[in-house]
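**Q** pasting the sequence and the predicted model now:
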Amino acid sequence: MARTRETPSIRRRTLLLGSTAAGALGAAAAAGCSRVPSGDALARLRSARTVRLGIAGEVPYGYVDNQGEFTGEAPELARVIFKRLGIDQVQPVATDFASLIPGLNSQQFDVVSAGMYINQERCEQVVFADPEYQMLDSFIVRKGNPKNLHTYEDVVKAKAKFATGTGYAEIDYAVAAGYPEKDIVILQDQVAGLNAVESGRVDVFAGTALTTREVVKKSRKAEATEPFAAVVDGKKKIDGGGFAFRPTDTELRDAFNVEIHKMKKSGELFRILRKFGFTENEMTTLTAKELCR
């Protein structure tokens, strides 16, 4: 079976540019008029008093809620840190997930604030702050896990009908375990994944441990498996998400890192992330340097 693509009304990693995002674009124009040299990003942003954050509409990382409010673990964290860096206003710029790095490097926004996984390919294009969280994978399966699926290797052995989300890292993890890429069912997000499992259209949906455990809470037909690390080239894969900056903006990234490490040490970081469903097990001492290798 060819890879199935369901066309949702609003894609998982896409947001329509509404009034909030339009305000961000206005801020972009204002920032572009600054007389501060473009090479000194921190000074430029302090002068503009506004930082533009690239988001991709993904719960719980960075999104606009039902009340039209800009929220998520990364934007909430950004508000705190940039205020401490002397930048009072944060403005969202909504875009497709695949456009985040190109948009950052073309100066459509100043920072990617989307809980983006840090990996070698992305590290060749941007510089990352140290991650604010680490994450394992988990499956959504039918109650009782009848096919006994706990790893990608289990999915391959059982010849289970496997699904995951658009642009998810889990696509690569399944392929690394030997699952044919052409047979992967691509769905909008974890909600669509839950619906597909409950209806029997697929046997398993793979996502992050955070998103799977949250989405099955009210389900009577499905459950989330215990978190696990995917194995790629014989090594366990633990992902970490962080803020991305343009390669020329290392001073801004370094200033951001100073603040995030203070928040890790004091416990403030966890207090912010906890309300978005993160647990203490998802706090991390990993560094961007380690994840970029």
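**A** Good, I have the coordinates. Numbers count the residues shown, from 1 in each chain.
**Q** give me the contacts around stretch 158-168.
**A** By CB atoms under 8 Å, 6 or more residues apart in numbering, the surrounding residues in contact with stretch 158-168 are 5, 11-13, 97-98, 147-149, 154-155, 170-171, 174, 179, 183-190, 192-193, 196-197, 201-207. All C-beta atoms are positioned from the backbone trio N, CA, C, and that covers glycine.
**Q** okay, the closest residue in space to Thr287 that isn't next to it in sequence and Met283: tell me how far apart.
**A** Of all residues not flanking Thr287 in the chain, Asp130 sits nearest, at 5.0 Å (CB to CB, 6 or more residues apart in numbering). Here Asp130 is placed at a distance of 12 Å from Met283 (CB to CB, to the nearest Å).
**Q** who's more crowded, these two?
**A** Using other CB atoms under 10 Å, the more surrounded residue of Asp130 and Met283 is Asp130, with 22 against 17.
**Q** does that one touch Cys292 like I think?
**A** No - shown here, Asp130 and Cys292 do not form a contact pair, counting by CB atoms under 8 Å, at 10.9 Å.
**Q** okay, and the residue nearest to Thr287 sits in which element?
**A** For Asp130, there is no enclosing helix or strand under DSSP states H and E.
**Q** tell me the pLDDT at it?
**A** Asp130 is assigned a predicted lDDT (pLDDT) of 98.
**Q** now do the helix ranked longest in the chain: which elements does it pack against?
**A** In the chain, taking DSSP state H as the definition, the longest helix is helix 250-266. Judged by 3 or more CB pairs under 8 Å, 6 or more residues apart in numbering; DSSP states H and E, the packing partners of helix 250-266 are helix 41-48, helix 73-84, strand 127-128, strand 239-245, helix 268-274.
**Q** deepest of the ones you listed, which one?
**A** Most buried of the helices and strands packed on helix 250-266, by mean neighbour count (mean count of other CB atoms under 10 Å): strand 239-245, with a mean of 25.
**Q** between that strand and helix 73-84, how big is the angle?
**A** Put simply, strand 239-245 runs at 40 degrees to helix 73-84, going by axes from the mean of the first three to the mean of the last three CA atoms, to 10 degrees.
**Q** which residues sit against strand 239-245?
**A** Residues contacting strand 239-245 (CB under 8 Å, 6+ apart): 41, 61, 74, 78, 100-101, 104, 110-113, 115-119, 122, 126-136, 169, 208, 252-253, 256, 284, 286, 288, 291.
**Q** before we move on, what about stretch 68-83?
**A** Applying CB under 8 Å, 6+ apart, the set of residues contacting stretch 68-83 from outside is 18-20, 45, 51, 53, 55, 58-65, 88, 90, 92, 111, 113-115, 132-133, 241, 243, 256, 259-260, 263, 268-269, 272-273, 276, 278.
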